[in-house]
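Visitor: Here is a sequence together with a model predicted from it:
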Amino acid sequence: MVPTNPASGKGTYEIRIGLWATRKQAFEVQERLTRALCPEPEHSGPCKIPWSSAVLEPEAVDEDGVGYDELVRQAKIEGTW
C-alpha cells in the first residue's frame with residue numbers, strides 16, 4: 001500500500017471493476033473509461049490527476065473467481081458462463 005502524503009492528504013487509490021466480458025469487450029470498456037478520465041488525450045503535459053489503467057486476464061485477477069462470486073453467479077444465471 002502506498003502511503004498518504006501527510007502534507008497534501010493525497011494518496012494512491014485503486015478502483016477495480018469486475019467485468020464478465022470477452023477480451024475485446026474488456027478493452028472497449030477500458031477505452032471508454034480512459035476517455036471519461038481524460039477526454040482530451042492530446043493535451044499538453046500530464047493530466048491534473050495522475051492515473052493509469054490496465055486490463056488483467058482472468059487468471060491474473062483471482063484464481064477460481066474468488067472475490068467475484070456474485071459476478072460469476074450472475075453469468076451462470078444469464079447463461080453466459
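Guide: Now that the structure is in, tell me what you want to look at.

Visitor: which helix of this structure spans the most residues?
Guide: With residue count as the measure and DSSP state H as the assignment, the chain has helix 23-37 as its longest helix.

Visitor: list the buried ones in that helix?
Guide: Buried residues in helix 23-37, defined by neighbour count with 16 or more other C-beta atoms under 10 Å: residue 26. C-betas here are computed from N, CA, C, even on glycine.

Visitor: Can you tell me what sits against that helix?
Guide: The contact list for helix 23-37 (C-beta atoms under 8 Å, 6 or more residues apart in numbering) reads 17, 19, 21, 41, 47, 51, 53, 54, 55.

Visitor: For those, give me CSV that also has neighbour count and pLDDT.
Guide: Shown next, in CSV, are the contacts of helix 23-37 (neighbours: other C-beta atoms under 10 Å; pLDDT from 0 to 100):
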residue, neighbour count, pLDDT
17, 9, 88
19, 12, 89
21, 14, 89
41, 9, 80
47, 11, 86
51, 14, 86
53, 13, 89
54, 6, 89
55, 13, 90
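
Visitor: of these, closest to residue 11?
Guide: When those are ranked by distance to residue 11 (C-beta to C-beta), residue 51 comes first, at 13.3 Å.

Visitor: quick one, what contacts that closest one?
Guide: If a contact means C-beta under 8 Å, 6+ apart, then residue 51 has 37, 38 as its contacts.
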